[in-house]
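[1] Give me coordinates for this.
(chains A and B)
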Amino acid sequence: MDTATLIEAAIKVHIVLGFILLGVPLIVWMERKVIGHMQDRIGPERVGPFGLLQTIADGIKLFMKEDIIPSQADKVVFVLAPALTVITALVATTVIPWGDTVQLFGRTIGLHITDVNIALLFVLGATSMGVYGIVLGGWASNSKYPLLGGLRSSAQMISYELAQGIALVGVILMTGTLSLAEIGRAQKHMWFIVPQFVGFVVYLLAGIAETNRAPFDLPEAETELVAGFHTEFSSMKFAFYFLGEYANMMVVSGVAITVFLGAWQGPFLPGPVWFLIKLTAFLFFYVWLRATFPRLRYDQLMAFGWKVLLPVSLLNLVVTATVLAFRGS
Amino acid sequence: MTLVEPFLFAMFGGTAIGCALGVVFHRNPVHCALLLVGVLLSVSGLFVLLHAPFIAALQVIVYAGAIMVLFLFVVMLLNVKGESSILTPGAAKGFGILFALLGFVELLWTVLSPAAESSGIPEAVLPADFGSPAAIGRILYTVWLFPFEITSILLLVAVVGAVVLAKRKFA
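    As a prediction, the model looks like this:
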């Protein structure tokens, strides 16, 4: 491991980290603006041009607020939980490629922080660890609504993780690799959304449930659970949960783009630009869903995950494997 | 690489031992479960150092990400305050010492056996695809096919058993 490799890695880590930390306020702004217009309101417009700085102002407000730890809370876990949510989301971003390799200063540089040969499993592992942030946040608050929210979310995330993972196996079978960069390169002529449309839909729905977004945002259903698992969190701890949720949205979108929507591939424009366009479109879709659908009831959510998504993803896997086996022989 | 590896080994190994001690000595069941997650994560780090990234990923996804979450789920739901033991403290201590001694003797046996002595090969040459998902899948479906299928039947039995227990009506 020479110095140049270290410098390269450090630069790439800073690019990705900066992108996420600057991207999250923009996504929040986009969400508020888009939902505002969809509901015939104008959304934020007072702070900065088009209200662009509204999220920054909110961030400063959260930063300045008093940090409250409930007296009966488990203090160590209470502090650890929001951090876990952000850490797992950021760890998952390290293997997502945002472009093909480029030649720079006589070095071949892959446009991703690292490309391990088990990248897809790495992302799944990191997101499965993300459950802890929410479960522990609910438990450590030592209060009933957060506990109920935390328990709901652990059941929800474990249920949907299965369908999410199995939906990806179809593409793994087609490419024969777990490396996200390789999967991205394999889509030069055809995006995998075409042969793996069922897998894409299952992954998308499970991903939305995994990130606790509407219409699967039961862990924080405010009409029945106040604010769910983050009821007792204030100030920067609340901001961390917020940041973690949006970073997780980026991870789920990034994986969906890389695996099903042709990664960074596209005509005319360079790879990273295409990746950014696709990411924005995907996040817009997230917001659109939130403005469109009412929240599911809890039993509907569990029934949908176990009785619809999981069988469909298994069927997709069996069909894909059969077709590939016949074609191969 | 040669410089970093011992450092990483010490880090993961040390964390694993520290967390494992915490699992045993901590009173709060939720903290114990969390420390066990720490042990599993450090051990998966050790797997990566042993050129087995696939096993490491599975360790995180299956054990730390799914099984331990269910553990936590149950502990939180039951809200276990103190620990309630089946054995009397004295009997528990006796069993603990017995099994610790057995484990120690077994380890000593392995280390001191002539087989370990003779295998003083400095660096085993690994095949290029060692520990890759493809290599593990191939060996699982050829050499170890029978045990693999038996395990799946065992899991099926466990699932059926769980359903039967859950569906049973308590009159």
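
[2] Remind me which helix or strand the residue nearest in space to the middle of chain B belongs to.
    Closest to where the C-alpha atoms of chain B average out (CA atoms, centre = their mean) is B:Leu40, at 6.6 Å. For B:Leu40, the element it lies in under DSSP states H and E is helix B:29-49.

[3] which secondary structure elements does that helix contact?
    Secondary-structure packing of helix B:29-49 (3 or more CB pairs under 8 Å, 6 or more residues apart in numbering or on different chains; DSSP states H and E): helix A:75-93, helix A:119-140, helix B:4-25, helix B:53-58, helix B:68-78. Every C-beta, even on glycine, is put in place using the N, C-alpha and C of the backbone.

[4] relative to helix B:68-78, how tilted is that helix?
    Here helix B:29-49 points in a direction 180 degrees away from that of helix B:68-78 (axes from the mean of the first three to the mean of the last three CA atoms, to 10 degrees).

[5] Confirm for me that the residue nearest to the centre of chain B is in contact with B:Gly65.
    No. If you go by CB atoms under 8 Å, B:Leu40 and B:Gly65 don't touch, sitting 9.3 Å apart.

[6] number of nearby residues for the residue nearest to A:Ile109 when sequence neighbours are not counted?
    Nearest residue to A:Ile109, sequence neighbours excluded (CB to CB, 6 or more residues apart in numbering or on different chains): A:Val102, at 5.5 Å. Residues lying near A:Val102 (other CB atoms under 10 Å in any protein chain shown) number 13.

[7] Hmm, A:Glu8 and A:Val102 touching each other?
    No. The criterion here is CB under 8 Å, and A:Val102 misses it with A:Glu8 at 11.5 Å.

[8] Overlap of the contact sets of those two?
    A:Ile109 (CB atoms under 8 Å, 6 or more residues apart in numbering or on different chains).

[9] returning to what we had before: and the helices and strands packed on helix B:29-49: which comes nearest A:Pro294?
    Closest approach to A:Pro294 among the helices and strands packed on helix B:29-49 (CB to CB): helix A:119-140, 22.2 Å.

[10] Measure how that closest one sits relative to helix A:75-93, angle-wise.
    160 degrees.

[11] before we move on, the earlier item: distance of the residue nearest to the centre of chain B from A:Leu309?
    For B:Leu40, the distance to A:Leu309 equals 27 Å [CB to CB, to the nearest Å].

[12] what's B:Phe146 in contact with, if anything?
    No contacts exist for B:Phe146 under CB under 8 Å, 6+ apart.

[13] if I've got this straight, it is in a strand?
    No. B:Phe146 is assigned helix when assessed by DSSP: H, G, I helix; E, B strand; the rest coil, not a strand.

[14] Please tell me how far it sits from B:Ile153.
    Applying CB to CB to B:Phe146 and B:Ile153 gives a distance of 11 Å.

[15] mind checking which helix or strand of chain B has the lowest mean pLDDT?
    Least confident helix or strand, chain B: helix B:114-118 with a mean of 58, by mean pLDDT, DSSP states H and E.

[16] Could you point out the helix or strand that follows it?
    Following helix B:114-118 in sequence, per DSSP H and E, is helix B:133-141.

[17] outside of that next one, which residues touch it?
    A:Asn117, A:Ile118, A:Gly176, A:Leu178, B:Phe54, B:Ile55, B:Pro127, B:Asp129, B:Phe148.

[18] Then stretch B:8-20?
    Against stretch B:8-20 from outside (CB under 8 Å, 6+ apart): B:Leu35, B:Leu36, B:Gly38, B:Val39, B:Ser42, B:Val43, B:Gly45, B:Leu46, B:Leu49.

[19] quick revisit: just put the contacts of helix B:133-141 in CSV and tack on neighbour count, distance to A:Pro294 and pLDDT.
    What follows is the contacts of helix B:133-141, written out as CSV (neighbours: other CB atoms under 10 Å in any protein chain shown; distance: CB to CB, whole Å; pLDDT from 0 to 100):
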residue, neighbour count, distance to A:Pro294, pLDDT
A:Asn117, 19, 42, 77
A:Ile118, 23, 39, 81
A:Gly176, 12, 42, 81
A:Leu178, 25, 37, 82
B:Phe54, 21, 42, 86
B:Ile55, 18, 43, 86
B:Pro127, 8, 55, 70
B:Asp129, 12, 50, 70
B:Phe148, 13, 45, 90
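
[20] returning to that earlier point: among the helices and strands packed on helix B:29-49, single out whichever gets nearest to A:Ala167.
    Comparing those by CB to CB, helix A:119-140 comes nearest, at 11.0 Å.

[21] That closest one and chain B in contact?
    Yes. Using CB under 8 Å from any CB of the partner chain, helix A:119-140 comes into contact with chain B via A:Leu121, A:Phe122, A:Leu124, A:Gly125, A:Ser128, A:Met129, A:Val131, A:Tyr132, A:Val135, A:Leu136, A:Trp139.
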